[in-house]
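> Sequence and computational prediction follow.
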Amino acid sequence: MKKFALVLSLLLTIITSKGFSLLPIVSVPELPKNLRNFVTDERKYFELLVDYYVRAKLLEAQLDTSGLVPLLGYDAIVNQDLQELKRFANLSKELYNKVLGLPEERRITNLRKQVDKLLWENRMLKIENDSLRVESEFKALVDLKDSLIRSLSMKLIDCEYNNDFELYSQLERTKYQSLMSFGVSAVQMFYDNLNLTSYLAPSFDLSLRLLSIDNGSAYLNFETSYIYLTNLVKFPEIENQVQFKYKDDIWNFNVSIAFNLSKILNANSFYWQLGIGSGYMLAFSKEQVPFGFQNDYKGYSIVIYTILGGFSKRVPIGIVIGGKLFKYLDELRYNSLSLGKPFVPGFYLGLKFNILNSF
C-alpha cells in the first residue's frame, strides 16, 4: 500500500507541474457542512481528501517549490480522520493566498519551468503503473487511481486552453526591464560665445543597470557616452572672419537613478522611464589642420533624460530625450580664443536599443 501512496504522490506532482498560471490555477472551496457524513462513506471521504490534496499540489507547483504538501499516505485514507481532511483543506487555502501574493513577473517565469522533468518522470510513472496492474491486491486502488488520472488530465487540458491565450497576451504586454542597452542620438551643444558655432553631433552610449530598487520601481544605472563634436571658430583679431574647424571628442561617465514611471502608474500599454544622474567628463580638442592646435579638458556632468516606448519582447526600442550640462574644470581654449571654464548645456534626441533584458 505504501508503494501506491508514493506513486500517487509522484503522479500528482508531475501532472500538476504544467499547471502554472498568472492567477491561482484552482480555487479552494469550503469544506461541506455535513462533513461527518463523509466518514461513513469511504469512497466519498477518499474523493474529498484527494480533491484537496490535488488542489494543494497544484498550488505548490505554481509557487515553484516543494515540500509544502506532505505525502498522502494510505493510512490517511483508511482511518477516515476528519482532522486529516481539515488539515489539507486549510493547507490548500494557505497556498492559494501565497500564490496571490506572488509578484506578476514571478508568476509568469514560473509557468513552464518543469516541462522536461514532467516528460521524463511521466514515462517512468507509466512503467511503474503498468507493474501495479498485475498485482491483484492493488487492483481496486489502481482502478480508482486511473479514474483520478483521467479527471486530472481533463482539468489540466481545460486549464491550458483557458489560460494560454491570457498568458501569451500578458507576455506581450509585459515590459522587459533592460539590464543593458545601447543608444544612438544627436546632440546639440550651446556655447555662450558668438565666435563659436557648434554643429549637431552624433553620440553613442552604453547603459548598465547596477541595482533594482523597490521591486523595479527605480533603478541605479551606470552609463558611458561618447560625443563627436564639430565646432567652427572665428577669431576677433582676424579681419576677414575666416572660420576654423575644430573637432572635440567628449567622453562622459555617470551614475544615474531612473524611475520606472510605467510601473509606478501601473501602465501596461507603454514604457516610460525618467532619470537623473551626474558624473565625470573628459574632452579632447584638435584643430583640423596638420600640426594644428590640440588640448584636453576634464570636468563634471549632469544629465536628465526620459525614455518612452518599447522594451517589450516585440519592440525592444525606445525613444530617449534628454539634456546634458558640462562644467569644465580646465580653461576651454581654441588657440587664442578662450571661453574660460564654462558651463556648456546640450540637448539630445535618439533611440535606445535593448541588448540584454530581465524578466
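Good, I have the coordinates.
> which stretches of the stretch 201-350 of the chain have low pLDDT?
268-269, 310-315 (pLDDT under 70).
> Can you list the residue ranges for strands in it?
Here the stretch 201-350 of the chain has its strands, by DSSP state E, counting those that start in this stretch, at 201-213, 218-234, 243-260, 271-287, 294-309, 317-328, 333-334, 337-338, 343-357.
> Residue 189: which of these is closest?
strand 343-357 (4.5 Å; CB to CB). (Each C-beta comes from the backbone N, C-alpha and C, glycine too.)
> so what strands line up beside that closest one?
Under the criterion DSSP bridges, strand 343-357 sits next to strand 178-189 (antiparallel), strand 317-328 (antiparallel) in its sheet.
> Reformat the strands of the stretch 201-350 of the chain as a markdown table; add mean neighbour count and distance to residue 30.
Output for the strands of the stretch 201-350 of the chain, formatted as a markdown table (neighbours: other CB atoms under 10 Å; distance: least, CB to CB, whole Å):
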| stretch | mean neighbour count | distance to residue 30 |
| --- | --- | --- |
| strand 201-213 | 16 | 40 |
| strand 218-234 | 18 | 42 |
| strand 243-260 | 18 | 40 |
| strand 271-287 | 18 | 42 |
| strand 294-309 | 18 | 47 |
| strand 317-328 | 18 | 48 |
| strand 333-334 | 18 | 82 |
| strand 337-338 | 14 | 83 |
| strand 343-357 | 17 | 42 |
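> TSV please, covering the ones you listed and showing distance to residue 42.
Formatted as TSV, the strands of the stretch 201-350 of the chain follow (distance: least, CB to CB, whole Å):
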stretch	distance to residue 42
strand 201-213	53
strand 218-234	58
strand 243-260	56
strand 271-287	57
strand 294-309	62
strand 317-328	63
strand 333-334	97
strand 337-338	99
strand 343-357	54
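> and residue 71, which of those is closest to it?
strand 201-213 (38.1 Å).
> tilt between the closest one and strand 218-234?
The directions of strand 201-213 and strand 218-234 differ by 160 degrees, with axes from the mean of the first three to the mean of the last three CA atoms, to 10 degrees as the criterion.
> packing partners for strand 201-213?
When contacts are defined as 3 or more CB pairs under 8 Å, 6 or more residues apart in numbering; DSSP states H and E, strand 201-213 sits against strand 178-189, strand 218-234, strand 343-357.
> follow-up on the earlier one: JSON lines for the strands paired with strand 343-357, including distance to residue 244?
Below are these laid out as JSON lines (distance: least, CB to CB, whole Å):
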{"stretch": "strand 178-189", "distance to residue 244": "17"}
{"stretch": "strand 317-328", "distance to residue 244": "20"}
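> Ok, which of these comes nearest residue 44?
Across the strands paired with strand 343-357, closest to residue 44 is strand 178-189 (CB to CB), at 53.7 Å.
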